[in-house]
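Asker: I'll drop the sequence and a predicted model, then ask my questions.
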Amino acid sequence: MPADKDLTASVECGIAGSAKESARFGRLETLQLGGFQVSSPLTVFYERSAERWYDGLLGTPALLRFKVTLDCSGKRLILEE
């Protein structure tokens, strides 16, 4: 996770409206996905809570260079360059 000084605080807004908790946006130095590396992907970081068991989200910018296939029955995310 980037240092606090490199994060921007914001209120996240989605389909259900504004979130109760604030989010912090920043960039990872590098993201390793299997054999692939993504440089400087924009990431959203959260404080953990009872409702939010994960630390953050990666969105479309991190996956733009890939063909993405969701295999729901196999519980897989398949990335192809």
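Answerer: Structure received.

Asker: ok, which stretches of this protein are strands?
Answerer: Remark: strands assigned in the chain by DSSP state E are 8-14, 17-27, 30-33, 36-39, 42-45, 56-58, 67-71, 76-80.

Asker: so which of those comes closest to residue 2?
Answerer: Distance to residue 2, taken as C-beta to C-beta, is lowest for strand 17-27 among these, at 4.2 Å. All C-beta atoms are positioned from the backbone trio N, CA, C, and that covers glycine.

Asker: Show me the shaky parts of this protein.
Answerer: Where the chain drops to pLDDT under 70, the residues are 1, 12-21, 48, 52, 54.

Asker: Spit out the contact partners of the most centrally placed residue in it.
Answerer: Centroid-nearest residue in the chain: residue 58, 1.7 Å away (criterion: C-alpha atoms, centre = their mean). Residue 58 sits next to 31, 41, 43 when contact means C-beta atoms under 8 Å, 6 or more residues apart in numbering.

Asker: which of those tops the neighbour count?
Answerer: Using other C-beta atoms under 10 Å as the neighbour test, these are led by residue 43, with 21 neighbours.

Asker: what's the spacing between residue 76 and residue 35?
Answerer: According to C-beta to C-beta, to the nearest Å, residue 76 stands 15 Å off from residue 35.

Asker: Could you do residue 43 as well?
Answerer: Counting by C-beta to C-beta, the gap from residue 43 to residue 35 is 20 Å.

Asker: In this structure residue 70 contacts residue 77, no?
Answerer: Yes - between residue 70 and residue 77 there is a contact under C-beta atoms under 8 Å: 6.1 Å.

Asker: Compare neighbour counts for those two and give me the winner.
Answerer: Shown here are residue 70 and residue 77; by other C-beta under 10 Å, residue 77 has more neighbours (13 against 10).

Asker: Does the more buried one touch residue 68 like I think?
Answerer: Yes - here residue 77 reaches residue 68: they are 6.9 Å apart, a contact under C-beta under 8 Å.
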